[in-house]
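>>> what follows is a predicted protein model with its sequence.
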There are 2 protein chains.
Amino acid sequence: MATTKDGTGTAGTPERRVVTDKVPTIRDVAELAGVATSTVSRALSKPDRVNRYTRERIEEAAAQLNYVPSSQARGLSSGRTNAVAVLVPDITNPFYFDIIRGTQHQLKAGGYTQLLVDTEESSEMELEALHKMRRSADGFILAASRLTDAQLAEVSETQPLVTINRASTSAPSVVIDTPSAVIQALEHLASLGHHRVCYVSGPPTSWSNRMRWKVFEEESAQRGMEAHRIGPFTPKTTSGAAAADAAVRTGATACIVFNDLLAIGMLQRLRERGIRVPEDISIIGSDDIFGADFCNPPLTTIASPIEQAGRVAVSMLLSQLNPVPGRASRQLAVMPTHLTIRASTGPAPL
Amino acid sequence: MATTKDGTGTAGTPERRVVTDKVPTIRDVAELAGVATSTVSRALSKPDRVNRYTRERIEEAAAQLNYVPSSQARGLSSGRTNAVAVLVPDITNPFYFDIIRGTQHQLKAGGYTQLLVDTEESSEMELEALHKMRRSADGFILAASRLTDAQLAEVSETQPLVTINRASTSAPSVVIDTPSAVIQALEHLASLGHHRVCYVSGPPTSWSNRMRWKVFEEESAQRGMEAHRIGPFTPKTTSGAAAADAAVRTGATACIVFNDLLAIGMLQRLRERGIRVPEDISIIGSDDIFGADFCNPPLTTIASPIEQAGRVAVSMLLSQLNPVPGRASRQLAVMPTHLTIRASTGPAPL
DNA sequence: CAACTTTTGGCAATCGCTTGCCGCAACGTT
DNA sequence: AACGTTGCGGCAAGCGATTGCCAAAAGTTG
């Protein structure tokens, strides 16, 4: 700050031309450069609309005054805010941290500001945010939206949005390749000799939860495995105890768990109860969140490039906001998954 | 801007007054309520400036139109943006997640929007953000600022800000009670019979890192312990391996580590090398981040209410932004700490 | 060289809201 | 009864940019 430069002469009190508490506006720049404000505006946002020489003069003036355009004013007159709201169901959950990291990164790269909102797993709050921020965001990224298809369709009618982990016909989405992931996991368990498997369910409003169970059910049937299902559980470590107990009661020798958080909670409970993982029961989590590699035992999990999902979602949104005439924007991105095998899975007990 | 307005009656297709794609402005509300826009504005932001009856009529009209004021326009004319920027050195780090969660929560409660920025551990980026967002945020929360005292003083001159984990005479701050924390930790180690202790240092630009070492050094001297120091290390799990190796080489029987991330990384490396924790070496982390309780072994750590720190920081900032005449706003908040003893510390080896 | 097209920059109208100032009523006060 | 007070609402001037429209200047063309 306090850039003490004074370009021209400014004879007078030397040194004191800068700062002076008042922030410079486009008019100050225009004055200094000897042009109209409209020209400054153009020079700064549509560079080829003005003569190169003029532009340079303006840029110099702007730099000299340390000018930063007011996003407020800009937004008001242009209708764009250069901000994108990212809605997540639970900031507490490390899974979303990765998404946030991805979106943050990509938004910054595109010159956008990220408005982070926690919807607390509630579709009402989600709708409310969508409504209230309508004016202050150019678009929305909905991570694991809790909205119904109808709501989603309606909302996407009026505002640009991209969903993550929630397929939808009405809005572009980034999804994880669940089927393939679950199949890989079951394959892994089958090869270890497991026959009785259990799906530990997450929030019923979660689309990905429903998807996982669907594939789990079909695929285990196809392999002649006995499929159980317990839940729903809140996807937090604290629900792990209940989940673990329920899982044990089913008699299953292996579980595929809605997410790592829950899986880690189960791990803790099982250890408390003296049930050995993986000797007595195998656990597979999902998401490969921070911590999955150093919990005890390290968790076998369905890994996916979550951060990248955030990035891709942003790109899709931005290309929707600033369409390139020729190219249609992508409507669906499927992120690949792979099974990261660690120590929480092992041969089925005899 | 294609504003299609026609004020008066618009008798014609009945019923079609609502929605019609165009978002309602304050003028629409005023018209519907039969008052001037200024009255609407007041009714909505300074309720007792207008007659109760009038206000109700306006509120009703607003509700009917589904009116949401434009934060852009509001900001432009009022000079306030109702947004606060939260600057963190590294969104990757779970420690900051807790802060973000805290600030998010409190900001929402106060009707503010959170603008999240990752400064990537760089003081330049921090300054740049501070500068660029000057107009778009009413205030700043600097978590673990990397600025020098002088820079901080200068910046806080022009914009309201609160620092977290960084004491400063120029700006209100929320800090962790480091001395007490380190003393507790050393006390714990002493009682377990440790004599050779090592401080595993984090980023040299981190104020809390410097503080911790200072207290560590003084206090261990006072107890006649042999104090080593290694580092600096990047505070990430990946640096843990180097840190672990260096720590072992010092011959210390216990380490206090700059943060949990690094400590967890060390735990992994030690385990790889077959060095037992806590039998061969004890490890104490700091922050009690997500994962500290379920890593292997669970980490003894200096815990502090981080999320609350975020909340407190926001309260301090907001009370600075909207001062209550009578009450001076707090300049310093010290968050208490306590040692959470888990399984990574034990008696010194013989 | 006249007629046209392109570039380039200025004018001024907005964008949607806030707020200082003013005026009108309805109420007390002496 | 004349004169403050107060309470309440309207007028209109901005806030700081963007942008449609226009005119002058510069470049092209036959």
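Good, I have the coordinates. Bear in mind the structure is a predicted one, so any value in this text is a computation, not a measurement. Residues are numbered from 1 along each chain as shown, chains lettered A, B, ... in the order given.
>>> helices or strands up against the helix or strand hosting A:Gln72?
In the assignment (DSSP states H and E), A:Gln72 maps to helix A:71-78. Under the contact definition 3 or more Cβ pairs under 8 Å, 6 or more residues apart in numbering or on different chains; DSSP states H and E, helix A:71-78 sits against helix B:71-78. Where C-beta positions appear, they are placed from N, C-alpha and C, glycine not excepted.
>>> and the helix it packs on, what's buried?
Within helix B:71-78, the residues that count as buried by 16 or more other Cβ atoms under 10 Å in any protein chain shown are B:71-76.
>>> got a markdown table for these, with pLDDT and distance to B:Ala171 too?
Formatted as a markdown table, these follow (pLDDT from 0 to 100; distance: Cβ to Cβ, whole Å):
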| residue | pLDDT | distance to B:Ala171 |
| --- | --- | --- |
| B:Ser71 | 93 | 26 |
| B:Gln72 | 93 | 28 |
| B:Ala73 | 94 | 31 |
| B:Arg74 | 94 | 27 |
| B:Gly75 | 93 | 23 |
| B:Leu76 | 93 | 27 |
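>>> can you pull the pLDDT of the closest residue to DNA strand D within the stretch 201-350 of chain A?
Among all residues of the stretch 201-350 of chain A, A:Asn322 sits closest to DNA strand D, at 12.2 Å; criterion: Cβ to the nearest atom of the strand. pLDDT, the model's per-residue confidence, is 87 for A:Asn322.
>>> what do you get for the one 4 residues further on?
Looking at A:Gly326, its pLDDT stands at 70.
>>> now it: how far from DNA strand C?
Separation of A:Gly326 from DNA strand C (Cβ to the nearest atom of the strand, to the nearest Å): 21 Å.
>>> same check, this time on A:Met125
Per Cβ to the nearest atom of the strand, A:Met125 is found 22 Å from DNA strand C.
>>> next: A:Ile264.
Separation of A:Ile264 from DNA strand C (Cβ to the nearest atom of the strand) stands at 46 Å.
>>> list the contacts of that residue.
A:Ile264 makes contacts with A:237, A:240, A:285, A:291-292, A:295, A:299, B:294, as judged by Cβ atoms under 8 Å, 6 or more residues apart in numbering or on different chains.
>>> next secondary structure element downstream of the helix or strand harbouring A:Val197?
A:Val197 belongs to strand A:196-200 when assigned by DSSP H and E. Sequence-wise, the next helix or strand downstream of strand A:196-200 (DSSP H and E) is helix A:207-222.
>>> list the helices and strands that next one packs on?
Secondary elements touching helix A:207-222 (3+ Cβ pairs under 8 Å, 6+ apart): helix A:178-191, strand A:196-200, strand A:226-230.
>>> just the local confidence number for A:Glu15, please.
pLDDT, A:Glu15: 35.
>>> what's the answer for A:Val23, then?
87.
>>> identify the residue nearest the spatially most central residue of chain A in space, chain neighbours excluded?
With distances taken as Cα atoms, centre = their mean, A:Ile99 lies nearest the centre of chain A, 3.0 Å away. Leaving aside its sequence neighbours, A:Ile99 sits nearest to A:Gly310 (Cβ to Cβ, 6 or more residues apart in numbering or on different chains; 4.2 Å).
>>> low-confidence regions, chain A specifically.
Applying pLDDT under 70 to chain A flags the ranges A:1-21, A:325.
>>> returning to that earlier point: tell me how many other residues crowd the residue of the stretch 201-350 of chain A closest to DNA strand D.
A:Asn322 has 11 neighbouring residues, counting by other Cβ atoms under 10 Å in any protein chain shown.
>>> quick check: it vs A:Arg212, distance?
35 Å (Cβ to Cβ, to the nearest Å).
>>> and A:Pro297, by the same measure?
22 Å.
>>> these two: which is more packed in?
The neighbour comparison of A:Pro297 against A:Arg212 (other Cβ under 10 Å) goes to A:Arg212, with 27 against 17.
>>> list the contacts for the more buried one?
Applying Cβ under 8 Å, 6+ apart to A:Arg212 gives the contacts A:178, A:182, A:199, A:256, A:258, A:286.
>>> what's near enough to touch the closest residue in space to A:Thr148 that isn't next to it in sequence?
The shortest distance from A:Thr148 to any non-neighbouring residue, by Cβ to Cβ, 6+ apart, is to A:Ser123 (7.4 Å). Contacts for A:Ser123 (Cβ under 8 Å, 6+ apart) come out as A:146-148, A:151, A:205.
>>> tell me which two of those sit farthest apart.
Farthest apart among the contacts of A:Ser123 by Cβ to Cβ are A:Gln151 and A:Thr205. That separation is 11.4 Å.
>>> can you list the residues of chain A near DNA strand D?
Residues of chain A lying close to DNA strand D (Cβ under 7 Å from any atom of the strand) are A:23, A:25-27, A:37-38, A:41-42, A:44-45, A:69-70, A:72-74, A:76-79.
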